[in-house]
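In: Need coordinates for the below:
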Amino acid sequence: MGIELHINGKIIDNDTSSSIFELSNKASIRIPSSCNKSGKCKECVIEIEQGAHLLAATTQYEAHLNDNFRLACQCYINEGKGAVSCHTLQRGSFKIETGTFHSKAKNDLDCFDPVVTKNNSEVFLEGSYIATVATDSSIYGIAIDLGTTTIVMRLINLEDGEFISTSSFENPLRFAGSDVMSRIQYNTENKGNDLQRVLVRYISLEIEKLPVLGNEIFEIVVAANPTMRDLFFGIDVYSIGQMPYKSLTEIELEKGERDFTDVFSTPKKIKLPIHPKARIYGLPLISGHVGADTAACLLAINIFESNSPVVLMDIGTNTEIIIGTKDCLIAASCPAGPAFEGGGVDCGVPGIDGAIEKINISQEGTVYLQVIGSGRPVGICGSGLIDVLSELLKNNLMDSFGLFNDKGAFVLNEDPLIYISEKDVNELAQAKGATIAGFNVALKKSGIMLSEISVCYVAGGFGRYIDIEKSQNIGFLPLLPKNKMNQIGNGTIEGATIALLSQSKRSKLRNFVKEINHVNLEIDPHFFDYFVDGCQFRKQE
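Out: Numbering: from 1, shown residues only. You can find the predicted model right below:
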């Protein structure tokens, strides 16, 4: 028996004379590439999960990658025995929050006025003619939530607001690091827009799967944090990684070289398979690491109508906090890191099929698990991590400092082995500490008492599925009455959808975000004290 090859969990017929790229193609597994397998485009990155020692040595074209990642076109299997297991950078669909709109968003919006319109056979962009299509055909747009960990895409009919499809997949840039600062460093050290090319190619593959022709898509609206947005549009992100952490678009705004921080591009420039006259639009940033994803959430909660104090917590790799009313808002970005999205935790995974999402532990120590997709567990996602921390604390299996009573790890599942260790808990404690510290600093800056908050919106795909009570028990969320906690799910994709379908709402937002006050947590004298306190697992009284 030779070497058994697994790609994306599928057993592939192995041929040592062919690269993994060629073997994938034969098995109808698509890996992006635009350089005819020469290694120059650097798009065909794969992650080696098992059997790296059975592969041929790396080539000069792979010098930018660490040991877990290879270029599929440069990767050959040696002779021998054993197994090689690898994944493309798109590990399948995620658990998607479908959103609050009905099947036709036109019925939910108080102002339905898309930028792209159609009159008989003529298509117009902001009132200017751009194309002719068949009279009986439809025109479409795509809203994209370009998250650090997960990408969500929603295809919408621009004539009536009907939702056609929604899909999600893991952000393929994990080979450059799981957080934005790592990706900024990678992009700075490796010139040539590698990250943009990989990102765009995977999005292109997803567009090609849609149930409409690419030539029928006339606008894409992108909502993302500053780093992901600017990487996508090919804007240098170096300045976002340096104090005061501002996008080049913010710096240009301050210099008077532009009026807003939103960005525009074309399919030709970015190389997306949609109508050549289409527009690609990136929503405006707020400030620093508080980006267009948070701006989109403000559209989703209709912040323009908020007269009483509200809180928005957009929970993710970077958690953004907004506190105040429509007349005065305070914003902060919390460097939570990827722990609650599976990064840096031994058995942590994103919200993919097989992820443990709910956990209960009985007084007798019996563990009860709920798995996404109801199949075999593969790891623990964010909501499951919240649950296990709360359950360990409740059953006195862990103290408030995250120390286990009698062992260094707690086993949740024997086969396959899935556990949580004290090292994992430490990672989660720091992520939690940064989140609640950012909240406390922003609250203090706002001058608003916790009791005055009328509603706390918890946004994000992860935020939609966490247990509020368990989150409060470990001090991850502020201690507000349950009737004031509103889990809105993926507010970013909702806001991107609103911007796609309402030119007036989009215009209002780009002016509104310029008035939001940003708090730099790094220089706040209270942040460290709040952080240390927040790292403990107890309610935030």
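In: what kind of secondary structure is Arg376 in?
Out: coil (DSSP: H, G, I helix; E, B strand; the rest coil).
In: What backbone torsions are found at it?
Out: phi -70, psi 130 (degrees, to the nearest 10).
In: list the contacts for it?
Out: Applying Cβ atoms under 8 Å, 6 or more residues apart in numbering to Arg376 gives the contacts 354, 416. From N, CA and C alone the C-beta is placed, and that goes for glycine too.
In: Domains in the chain, by residue range?
Out: Following automatic domain parsing, the chain resolves into domains at 3-88, 105-294, 301-337+427-491+498-534, 343-419.
In: next one: the longest one to chain centre, how far?
Out: What it means is domain 105-294. Between the centre of domain 105-294 and the centre of its chain there are 14 Å (Cα atoms, centre = their mean, to the nearest Å).
In: Now do that domain, average pLDDT.
Out: For domain 105-294, mean pLDDT is 93.
In: Could you dump the domains of the chain into TSV and include distance to Glu541?
Out: Output for the domains of the chain, formatted as TSV (distance: least, Cβ to Cβ, whole Å):
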stretch	distance to Glu541
domain 3-88	43
domain 105-294	27
domain 301-337+427-491+498-534	6
domain 343-419	13
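In: quick one, which of those is nearest to Gln540?
Out: Nearest of those to Gln540, taken as Cβ to Cβ: domain 301-337+427-491+498-534 at 4.8 Å.
In: first vs last residue of the closest one, how far apart are they?
Out: Length of domain 301-337+427-491+498-534, first residue to last, Cα to Cα, to the nearest Å: 27 Å.
In: mind listing what the residue most central in space within the chain touches?
Out: The chain has Gly147 as the residue nearest its centroid, 2.3 Å off, counting by Cα atoms, centre = their mean. Each residue near Gly147 by Cβ under 8 Å, 6+ apart is listed here: 171, 224-225, 228, 293, 316-317, 461, 492.
In: and if you look at Leu509?
Out: Residues counted as contacts of Leu509 (Cβ under 8 Å, 6+ apart) are 283-284, 295, 298-299, 499.
In: cool, Ile356 as well?
Out: Here Ile356 is in contact with 369-372, 377, 379-381, 384, 412-413, 418 (Cβ under 8 Å, 6+ apart).
In: Mind doing that once more with 10 Å?
Out: 347, 349, 367, 369-372, 377-381, 383-385, 387-388, 412-413, 418 (Cβ atoms under 10 Å, 6 or more residues apart in numbering).
In: give me the number of residues near the closest residue to it other than its chain neighbours?
Out: Among residues not flanking Ile356 along the chain, Gly384 sits closest, at 4.2 Å (Cβ to Cβ, 6 or more residues apart in numbering). For Gly384, the count of nearby residues is 30 (other Cβ atoms under 10 Å).
In: how would you label Gly384: helix, strand or coil?
Out: Quick answer, by three-state DSSP: Gly384 is helix.
In: Return a ChimeraX selection command for the buried portion of the contacts of Leu509.
Out: A single ChimeraX command selects the buried members of those (16 or more other Cβ atoms under 10 Å):
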select :283,284,295,298,299,499
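In: what ranges do the helices span in the stretch 51-200 of the chain?
Out: 180-189, 194-208 (DSSP state H, counting those that start in this stretch).
In: same thing with the stretch 301-450 of the chain?
Out: According to DSSP H, counting those that start in this stretch, the stretch 301-450 of the chain carries its helices in the segments 382-394, 422-446.
In: moving C-terminal of the last one, what's the next helix or strand?
Out: The one in question is helix 422-446. Heading C-terminal from helix 422-446, the first helix or strand you meet, by DSSP states H and E, is strand 455-459.
In: What pairs with that next one, parallel or antiparallel?
Out: Take DSSP bridges as the rule and strand 455-459 pairs in its sheet with strand 310-314 (parallel), strand 485-489 (parallel).
In: Return the most buried member of those.
Out: strand 310-314 (a mean of 26; mean count of other Cβ atoms under 10 Å).
In: Gln60 is nearest to which of the strands paired with strand 455-459?
Out: Closest to Gln60 of these is strand 310-314 (Cβ to Cβ; 41.3 Å).
In: rewinding a little: and the helices of the stretch 51-200 of the chain, which is most packed in?
Out: It is helix 194-208: most buried of those by mean count of other Cβ under 10 Å, with a mean of 20.
In: So what's the residue count around Lys191?
Out: For Lys191, using other Cβ under 10 Å, the count is 8.
In: Just the buried subset of the contacts of Ile356, please.
Out: 347, 349, 367, 369, 371-372, 377-381, 383-385, 387-388, 412-413, 418.
In: ok, back up a step: make JSON lines out of the contacts of Leu509 and add secondary structure and distance to Ala63.
Out: Listed next are these as JSON lines, based on DSSP: H, G, I helix; E, B strand; the rest coil; distance: Cβ to Cβ, whole Å:
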{"residue": "Leu283", "secondary structure": "coil", "distance to Ala63": "36"}
{"residue": "Pro284", "secondary structure": "coil", "distance to Ala63": "37"}
{"residue": "Ala295", "secondary structure": "helix", "distance to Ala63": "38"}
{"residue": "Leu298", "secondary structure": "helix", "distance to Ala63": "42"}
{"residue": "Leu299", "secondary structure": "helix", "distance to Ala63": "43"}
{"residue": "Ala499", "secondary structure": "helix", "distance to Ala63": "40"}
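In: what's the closest of the contacts of Leu509 to Asn511?
Out: Nearest member of these to Asn511, counting by Cβ to Cβ, is Pro284, at 9.0 Å.
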